[in-house]
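Trainee: using only what follows, build the 3D model:
(chains A and B)
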Amino acid sequence: MKLPVIEPRRGDFTQAPAINPELTAQWLEAFLRDELIAGRSIERAVVGLSGGVDSAVTAYLCARALGAKNVYGVRMPFKHSSPSSLSDAHLVTEALGINESTIDITAAADGYLQFEPDADARRRGNVLARLRMLVLFDQSAKLGALPVGTGNKTERLLGYFTWHADDSPPVNPIGDLYKSQVWKLAEYLGVPQPLIEKAPSADLEANQTDEGDLGITYVKADAILSRILEGYTNDQLAGRGFDRSEVEIVRKRLDSTHWKRHLPTTAMLSNTAINEFYLRPVDF
Amino acid sequence: MDVVNVAIVQTKPRKGKYRENLRDLRDVFSQTGADPVDLIVLPEAALTGYFLEGAVYELALDSDRFAADLAAAWLETNPGKDVDVVCGFYENCEGTYYNSAVYLEISGGKANVKHVHRKMFLPTYGVFDEERFLSRGRHLETFETRFGRMAMLICEDCWHAIVPTLAAVKGARILIVPSAAPGRGIDDGGELTSITRWRGILEAIAAEHGVYLLYAGLAGFEGGKGMTGSSRIVDPHGRTIVEAPALGAQIIRAPIDLREIDLARATLPLLGDLHAVLPDLLADEELPRR
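Mentor: Now for the predicted structure:
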């Protein structure tokens, strides 16, 4: 006689983290309303629209939370930006009915870069990112709005962003969502398909893609990151189905960029050093 | 009294604005007092917000002073009416600071502090940092009220099965749980996984010991951390009889019939069994002594 054997159903350990997009959207709308309106008495949001899925999702969440008329999508092309970035960003403003403006940063960027003709792609990219943040903060001041951040958890963990630029808006609804979760949330929110399907890119050079720069796909990076953050070692991950070389790529990026996820290091000299002894929450 | 009219007020305080939040509480008391109410329960840190860091030293109050503020708010809006109020607050006891809850009996126009519970389990991991700023409560006491014997457990106190167990063994028939629970877990069903976890814990406690559980959850986002509200009343059979949504300030109310406690314990006499065996369990020489 053979008895039936029942075993637990196992999820695939190497899958990227799941998301309930409806629940997440509801939670993030409440977050935006509380942080902007209840917490800061600000009813308007400024979102830099790159033509990518992160800023599109952020704009959709802001429109749901604050109403389309209170959301300002700002497109900030540089002379080398892909025309499709501009048109994809317009798909968002058109679909949502939010305000749209276009501020070309070429003159401002060239105004500085003309003195630095040898600046490599990384430096030029950082200059553009910091200029865009300058524009977003100034537009927010003009409009009585708050800049809303568009950085996702994956790029934050991999350090794939410009410090004190992409990460500088005071409120960010998607910063605890991995890229693959952002894609699923985008599907649920109805973000135009071209933005979901295209390869993510910082759009600094022709044919540049995030995944090409990083050397790993976002879906794989998300699965590895989520397990590393749960405490698994490289050996454990390799033993449970991950590619060791990909684990090492992710671990190296994570471990070399902790500084990017912190405020500047300040020399402590007193018993009242800010954020060391003098501790007050951001919303106090 | 067999039936107690309970109102649980799920507050969404403005961070650190104690006076303004106390003013808002007058409106809430005015609203709750318009219907029959015997017992009002508010969350942990209900009038200041939960994540205060070092500002806790600015906002913590002596328990008598806090009780006097609550009593004044009630009596100004409901003169001559009796009520009992439970509310969580940060306590300053002669320079030692606690995360506390007060049980206040207001009767005949006078307020009497029946009990102050100081949170025993201070979460200090991950997003939590309580023990950096606060001291642990050292006593789990049950106390007599006009509605029977009760105990108060604050948030993580409830996550250690032994705490509600001891409260029930010591005679509590109603457990009051002021709480502030930052939500997390978006990968499951139709609610945050932390809410599901809380519901399971509370319903299991109520069913195991045959007690009513009155859970008051703080609401609102604090620096990105969303408090999950979900205030609820669980009957002694382990059934949630009324539950607030996670988001926003809410009031839930229900009459609770204390006779249900005896019925539940007769049907499932686990607490009686525990009374018999607990001394043997505690005398077990294998229990760690560290």
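Trainee: so A:Phe277 sits right up against A:Asn271, yeah?
Mentor: Yes - under the criterion of C-beta atoms under 8 Å, A:Phe277 makes contact with A:Asn271 at 5.4 Å. Glycine gets a C-beta too; all of them are placed from N, C-alpha and C.
Trainee: those two - which one has more neighbours?
Mentor: Neighbour count, other C-beta atoms under 10 Å in any protein chain shown: between A:Phe277 and A:Asn271, A:Phe277 has more, with 11 against 8.
Trainee: let me see the ranges of the strands in chain A.
Mentor: A:44-48, A:71-75, A:99-102, A:145-147 (DSSP state E).
Trainee: equivalent analysis for the stretch 151-290 of chain B, please.
Mentor: For the stretch 151-290 of chain B, strands defined by DSSP state E, counting those that start in this stretch occupy the ranges B:174-179, B:212-217, B:219-222, B:225-228, B:232-234, B:240-243, B:250-257.
Trainee: the fourth one near chain A anywhere?
Mentor: What it means is strand B:225-228. Yes - counting by C-beta under 8 Å from any C-beta of the partner chain, chain A has neighbours in strand B:225-228: B:Gly226.
Trainee: mean pLDDT added to the strands of the stretch 151-290 of chain B, as CSV?
Mentor: Listed next are those as CSV, based on pLDDT from 0 to 100:
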stretch, mean pLDDT
strand B:174-179, 98
strand B:212-217, 98
strand B:219-222, 97
strand B:225-228, 98
strand B:232-234, 98
strand B:240-243, 98
strand B:250-257, 98
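Trainee: let me see the contact set for residue 198.
Mentor: Unless you meant another one, I'm taking chain A. Residues in contact with A:Lys198, defined by C-beta atoms under 8 Å, 6 or more residues apart in numbering or on different chains, are A:Gly52, A:Ser84, A:Asp88.
Trainee: ah, no, chain B please
Mentor: B:Trp198 touches B:Ser179, B:Ala181, B:Tyr215, B:Gly217, B:Thr228, B:Ser230, counting by C-beta under 8 Å, 6+ apart.
Trainee: measure it to B:Leu263 for me?
Mentor: Between B:Trp198 and B:Leu263 the computed distance is 25 Å (C-beta to C-beta, to the nearest Å).
Trainee: just the terminal-to-terminal distance for stretch A:135-153.
Mentor: 24 Å (C-alpha to C-alpha, to the nearest Å).
Trainee: oh sorry, the question was meant for stretch A:139-150
Mentor: The first residue of stretch A:139-150 is 16 Å away from its last residue (C-alpha to C-alpha).
Trainee: show me how to select, in PyMOL, the buried members of the contacts of A:Lys198.
Mentor: The buried residues among the contacts of A:Lys198 can be selected in PyMOL (16 or more other C-beta atoms under 10 Å in any protein chain shown) with this line:
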select buried, chain A and resi 52+88
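Trainee: and the contacts of A:Lys198 as CSV, adding distance to A:Asp118 and pLDDT?
Mentor: Output for those, formatted as CSV (distance: C-beta to C-beta, whole Å; pLDDT from 0 to 100):
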residue, distance to A:Asp118, pLDDT
A:Gly52, 29, 97
A:Ser84, 29, 94
A:Asp88, 32, 97
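Trainee: adding distance to A:Asp213, write the contacts of A:Lys198 out as a markdown table.
Mentor: Listed next are those as a markdown table, based on distance: C-beta to C-beta, whole Å:
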| residue | distance to A:Asp213 |
| --- | --- |
| A:Gly52 | 14 |
| A:Ser84 | 19 |
| A:Asp88 | 20 |
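Trainee: list the buried residues in stretch A:223-234.
Mentor: By neighbour count on 16+ other C-beta under 10 Å, the buried set for stretch A:223-234 is A:Ala223, A:Ile224, A:Leu225, A:Ser226, A:Arg227, A:Ile228, A:Tyr232.
Trainee: residues of chain B that sit close to chain A?
Mentor: Chain B comes close to chain A at residues B:14-16, B:49, B:51-55, B:183, B:186-192, B:220-224, B:226, B:247-248, as judged by C-beta under 8 Å from any C-beta.
Trainee: is stretch A:136-156 anywhere near chain B?
Mentor: No - using C-beta under 8 Å from any C-beta, stretch A:136-156 never reaches chain B; the gap is at least 11.1 Å.
Trainee: buried subset of the residues of chain B next to chain A?
Mentor: Buried among the residues of chain B next to chain A (16+ other C-beta under 10 Å): B:14-16, B:49, B:51-53, B:55, B:183, B:186, B:191-192, B:220-224, B:226, B:247.
Trainee: quick one: the helices in the stretch 151-290 of chain B?
Mentor: Listed in chain order, the helices of the stretch 151-290 of chain B (DSSP state H, counting those that start in this stretch) span B:162-169, B:193-209, B:259-267, B:270-282.
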